[in-house]
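**Q** Okay, here's the prediction I keep looking at, along with the sequence it came from:
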Amino acid sequence: MPRRVPLRTCIGCKTVRPKRELVRVVRTPGGVVELDTTGKRSGRGAYVCPDEGCLDEATRARRWEKALGISPDSALIEKLKDRIREIRSKGGVS
Ligand SMILES: [Zn+2]
């Protein structure tokens, strides 16, 4: 157990959680928005809980734009939903 767990805020429900429990979306230095399954890619990151409600809220309230400067396109939203379902089917991020 590390002594200090990095915390991040979900842009959907604004809950602060350990970074590894959240789904990270990164805006790469090239300006492309992508799903970051490793949590380690360089670029500006935004986080949501593995919860479709948070994803929907972040998208509806345009929080992606605020956090990253651009919004994910519908293909990326679908990818995020798949990722969330995958995490939930495993019972958590691993
Ligand atoms: Zn959330």
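**A** Received, thanks.

**Q** Centre of the chain to the longest helix belonging to the chain, how far?
**A** Counting by DSSP state H, the longest helix found in the chain is helix 74-90. Centroid separation for helix 74-90 versus its chain: 10 Å, with CA atoms, centre = their mean, to the nearest Å.

**Q** same check, this time on stretch 10-21
**A** 8 Å.

**Q** end-to-end on it?
**A** End-to-end span of stretch 10-21 (CA to CA, to the nearest Å): 10 Å.

**Q** check whether stretch 40-55 contacts the ion.
**A** Yes. Judged by CB under 5 Å from the ion, stretch 40-55 comes into contact with the ion at 49, 54. C-beta here means a position set from N, CA and C on the backbone, and glycine is covered the same way.

**Q** That stretch - what's its average pLDDT?
**A** For stretch 40-55, mean pLDDT rounds to 97.

**Q** ok, and what's touching that stretch?
**A** 8-13, 15, 17, 19, 21-29, 34, 36, 58, 63-64, 67-69, 77, 80-81, 83-84, 87-88, 92-93 (CB atoms under 8 Å, 6 or more residues apart in numbering).

**Q** Can you list which of the residues you listed are found in helices?
**A** Reading helices off the contacts of stretch 40-55 with DSSP H, I get 58, 63-64, 67-68, 77, 80-81, 83-84, 87-88.
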